[in-house]
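1. Attaching a predicted model along with its sequence, questions to come.
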Protein chains: 2
Amino acid sequence: MIKYSELKNILKQHNLRVTDCRMDVLEYFIKNNQAFSFKNLEDEFEKYDRVTLYRTLNSFTENGVFHKIPSDTGVVTYGVCSTTCSPQSHNHNHMHFQCNCCGKIECLAEDQIPEIKLPHYEVMEVDMIIKGMCPQCI
Amino acid sequence: MIKYSELKNILKQHNLRVTDCRMDVLEYFIKNNQAFSFKNLEDEFEKYDRVTLYRTLNSFTENGVFHKIPSDTGVVTYGVCSTTCSPQSHNHNHMHFQCNCCGKIECLAEDQIPEIKLPHYEVMEVDMIIKGMCPQCI
DNA sequence: ATTATTAATGCAACAATATTGCAATTATAT
DNA sequence: ATATAATTGCAATATTGTTGCATTAATAAT
């Protein structure tokens, strides 16, 4: 269980004001340790206006608290950035796992991403989406 | 330049009727050798109704002619599947490159995808999104 | 602790994106 | 050439995301 003061510090470290909505959303992501879409949040936090949730996701993304996770469904999900990310130096290499059974999306350790070399290209960022079965569903 | 009869064969091989819209869309993808979004098609093919283009993309995807390319913008783009793909056996490993400069999205050779091993997980499909600069933009 | 300043929230309206039903049309098989 | 079955275009609808603005709340300054 993450402490209130820790959540607060994360917001402050990213130059974000501390508000109820931001605290609740951030806590929800961290305590579940998985990625969520806007729709997930809308269902979970009916007490907040849709627009506020959109803006929360946007400000978190712009300020390096969250990163967007690519998907081929048109539905973007968001994950908490590793602690080394900031608005200035954002770690752009991510590895994500999506379970075909329960649908859960997780962020996996970045150091597992193999180095990619492409002749004639300049590689700046690598994002891997791995689909399959998670330990709980096997 | 791809021949009319070849395009026709691709459609027939995937159990799709040959229509003007499908021929035009497929030719557009193949001759440009890159990925396009719905929006791209809508701009290119004003002669066809938006709904028809949506349905064309969906039928191509469902029948293994196209595959969807993940993105973190919420805009899905589509790429032509390799010739070995069919509705029955679809090759699910893809490597895509998106140029941060010109925006072009390309499908890269599948054999360049490194094998991923995740303890406790069952990996079924790997999709890599690589961002950077393409040869033309460097 | 109180006040001034600045930012976030909620609401309404709007914009963009995607889907469905159905009649008319077109493609394929016979 | 005709029958059958699928695709198209249009209209309506649903879903998803954004903007402007008055009110409210959070931080900084006193």
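-> Yes, it's here.
2. Name the surrounding residues that touch the strand or helix carrying A:K12.
-> Under DSSP states H and E, the secondary-structure element containing A:K12 is helix A:4-13. Helix A:4-13 is touched from outside by A:17-18, A:22-23, A:26-27, A:30, A:65, A:86, with contacts defined as C-beta atoms under 8 Å, 6 or more residues apart in numbering or on different chains. For the C-beta atoms, the positions are set from N, CA and C on the backbone; glycine is no exception.
3. Does that helix reach DNA strand C?
-> No. When contact is scored as C-beta under 7 Å from any atom of the strand, no part of helix A:4-13 falls within range of DNA strand C; the minimum is 9.5 Å.
4. A:N40: which element?
-> With elements taken from DSSP H and E, the one containing A:N40 is helix A:38-44.
5. and that helix, anywhere near DNA strand D?
-> Yes. With C-beta under 7 Å from any atom of the strand as the measure, helix A:38-44 is seen reaching DNA strand D through A:38-39.
6. in that helix, what counts as buried?
-> The neighbour-count check on helix A:38-44 (16 or more other C-beta atoms under 10 Å in any protein chain shown) flags A:38, A:40-41 as buried.
7. same check, this time on stretch A:40-60
-> By neighbour count, and taking 16+ other C-beta under 10 Å as the criterion, the buried residues in stretch A:40-60 are A:40-41, A:45, A:48, A:52-53, A:56-57, A:59-60.
8. picking up where we left off before, out of the contacts of helix A:4-13, which sit inside helices?
-> Assigned to helices by DSSP state H, the following of those qualify: A:22-23, A:26-27, A:30.
9. Now the buried members of the residues you listed.
-> Among the ones in helices among the contacts of helix A:4-13, those classed as buried by 16+ other C-beta under 10 Å are A:22, A:26-27.
10. Quick check: pLDDT value at A:S89.
-> The pLDDT attached to A:S89 in the predicted structure is 49.
11. dump the residue contacts of the residue most central in space within chain A.
-> Centroid-nearest residue in chain A, with C-alpha atoms, centre = their mean: A:G79, separated by 1.0 Å. Contacts were defined as C-beta under 8 Å, 6+ apart; by that measure A:G79 touches A:29, A:34-35, A:66-67, A:69, A:94, A:96, A:105, A:107.
12. out of those residues, who's nearest A:V123?
-> Distance ranking of the contacts of A:G79 against A:V123, using C-beta to C-beta, places A:H94 first at 14.1 Å.
13. pretty sure the closest one is in contact with A:E106, am I right?
-> No. Assessed by C-beta atoms under 8 Å, A:H94 is found out of contact with A:E106, at 10.9 Å.
14. Between the two, tell me which one has more neighbours.
-> A:H94 (24 against 17; other C-beta atoms under 10 Å in any protein chain shown).
15. show me what contacts that one?
-> A:67, A:69, A:79, A:107, A:110, A:113, A:126-128.
16. Per-residue pLDDT of it, please?
-> The pLDDT attached to A:H94 in the predicted structure is 84.
17. roughly how far apart are it and B:M124?
-> From A:H94 across to B:M124, the span is 19 Å (C-beta to C-beta, to the nearest Å).
18. Check A:H96 too.
-> Relative to B:M124, A:H96 is positioned 14 Å away (C-beta to C-beta).
19. go on, A:G103?
-> 14 Å.
20. and these two? which has more neighbours close in?
-> B:M124 (13 against 10).
21. helix or strand for the residue of chain A positioned farthest from its centre, which one?
-> No residue in chain A sits farther from the centre than A:H120, which is 31.3 Å out by C-alpha atoms, centre = their mean. If you go by DSSP H and E, A:H120 is not part of any helix or strand.
22. What separation do you get for the nearest residue to it once chain neighbours are set aside and A:P114?
-> In space, A:H120 comes closest to B:P135 once its chain neighbours are excluded; the distance is 4.3 Å by C-beta to C-beta, 6 or more residues apart in numbering or on different chains. Spatial separation of B:P135 from A:P114 under the definition C-beta to C-beta is 22 Å.
23. swap in A:R50?
-> From A:R50 across to A:P114, the span is 40 Å (C-beta to C-beta).
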